[in-house]
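Kindly return the folded structure for what I paste below:
(one chain, ligands or ions: 1)
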Amino acid sequence: MFSGIRDRVAVVTGAGGNLCSEMAKALAAEGAKVALIGRTVEKLDAVRKAIEAEGGTAVSVPADVTDPVQVHAAGDAVMAAFGPCRILVNGAGGNARGAITTVNSFVAEELRDDPGEVRGFFSLDPAEFSRVVILNTTGTMIPCQVFGRQMAGNDGGAIINIASMNSYTPLTRNSAYAAGKAGVENFTRWLAAYLAPAGIRVNGIAPGFHPKPNRDGPQRDRDGNLTERGLRTIENTPMKRFGTARDLVGTLLWLASDEASAFVTGVTVPVDGGFVASSPV
Ligand SMILES: NC(=O)c1ccc[n+]([C@@H]2O[C@H](COP(=O)([O-])OP(=O)(O)OC[C@H]3O[C@@H](n4cnc5c(N)ncnc54)[C@H](OP(=O)(O)O)[C@@H]3O)[C@@H](O)[C@H]2O)c1
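Alright, predicted model coming up:
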């Protein structure tokens, strides 16, 4: 049990997703009143019902984190339901297919008028690139404004931004996502210094590789087998496994607790089985 969380109002963006649904449940299990933010109310309601089934308190507040009008309305809804936010987890984020190259480095085919299946850097869509950068950066900044204002007027609080391994070193193929997550880590430090006089601590968590269970993606194929990229990821992770959503919970609760991490601000903690610490040759 972490002290300094019970009865506090916690807002979790991306709360309908794989990692942040677990974070929302963990905060509720510690006694926080949790507001769940995301665009799809059905996903939020499933998490809300799971929290309520365990005796916790939650409310679904649908909003797009990149839209200031919607996030301001969400801020009003949270204030009306529970009172001022004291803990904010910025988990809404992600990537987009059109912003990911299909090759790890330049190939001559991408210079052709019709590059076929190859999507190289030269054919990335700038609009998709911007969408991913904005989701991860501005989509973190806007909730910090809206819910940080509630904290600043009410004894402060804790903000936890969700970064990535890409915050430190851009992974192959993911230029937009890497730029966005590097921005999240950098912004976390900036905001920590800025908001310290308001009694608000701002920290981050950089998850390693936590593939969604039962879903195909870069790490696992449709049959659940490791892809070539998945195999390389495990090989380059000193602890030789993927992370789970649960792996993030201890760090989250530590950073959310004004007692456990009272003097900690401006740090982003990798929770990655040692991936960022290792540089295999
Ligand atoms: N999984 C990993 O290995 C990993 C590693 C490092 C970092 N991360 C980061 O961890 C966070 C959670 O990842 P995850 O794997 O749990 O992904 P996920 O399951 O896709 O969850 C992301 C959630 O964000 C919501 N979202 C997306 N765009 C939004 C918007 N504009 N406004 C509001 N909500 C929005 C989505 O719900 P709606 O579509 O309903 O809005 C979704 O439920 C992300 O920031 C991700 O970049 C993940």
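
So for residue 22, what's the nearest residue that isn't a sequence neighbour?
Taking Cβ to Cβ, 6 or more residues apart in numbering as the measure, residue 22 lies nearest to residue 245, with 3.6 Å between them; neighbours along the chain are not counted. All C-beta atoms are positioned from the backbone trio N, CA, C, and that covers glycine.

Can you pull the domain assignment for the chain?
The chain breaks down by automatic domain parsing into domains covering 9-100+132-208+244-271, 213-242.

Kindly report which one of those domains carries the lowest mean pLDDT.
Mean pLDDT values for the domains of the chain show the minimum at domain 213-242, a mean of 91.

Enumerate the residues of the chain near the ligand.
Residues of the chain found near the ligand, taking Cβ under 6 Å from any ligand atom as the criterion, are 13-14, 16-20, 38-40, 43, 64-66, 91-94, 135, 139, 162, 164, 207, 209-210, 212.

those strands in the chain, which residues are they?
When secondary structure is read from DSSP state E, the chain shows strands at 9-13, 33-38, 57-62, 87-90, 157-162, 200-207, 268-271.

Point out the other helices and strands that the last one packs with.
The contact analysis (3 or more Cβ pairs under 8 Å, 6 or more residues apart in numbering; DSSP states H and E) places strand 268-271 against strand 200-207, helix 249-256.

what does the first one give?
Under the contact definition 3+ Cβ pairs under 8 Å, 6+ apart, strand 9-13 sits against helix 18-29, strand 33-38, helix 68-82, strand 87-90, helix 138-152.

quick one: contacts of that strand?
Among residues not part of strand 9-13, those counted as contacts by Cβ atoms under 8 Å, 6 or more residues apart in numbering are 20, 23-24, 27-28, 32-38, 65, 78, 82-92, 139, 143, 147, 256.

That strand: partners in the sheet, and parallel or antiparallel?
In the sheet containing strand 9-13, its partner strands are strand 33-38 (parallel), strand 87-90 (parallel), by DSSP bridges.

Put together a markdown table for the ones you listed, with distance to residue 276 and mean neighbour count on each row.
As requested, the strands paired with strand 9-13 are exported to a markdown table (distance: least, Cβ to Cβ, whole Å; neighbours: other Cβ atoms under 10 Å):
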| stretch | distance to residue 276 | mean neighbour count |
| --- | --- | --- |
| strand 33-38 | 28 | 28 |
| strand 87-90 | 20 | 29 |
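
Same list (those) but as TSV, adding distance to residue 113.
Conversion of those to TSV gives the following (distance: least, Cβ to Cβ, whole Å):
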stretch	distance to residue 113
strand 33-38	40
strand 87-90	41
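
wait, which of these is closest to residue 182?
strand 87-90 (15.1 Å; Cβ to Cβ).

Dump the helices and strands packed on strand 268-271 to a markdown table, plus mean neighbour count.
Formatted as a markdown table, the entries for the helices and strands packed on strand 268-271 read as follows, by neighbours: other Cβ atoms under 10 Å:
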| stretch | mean neighbour count |
| --- | --- |
| strand 200-207 | 25 |
| helix 249-256 | 22 |
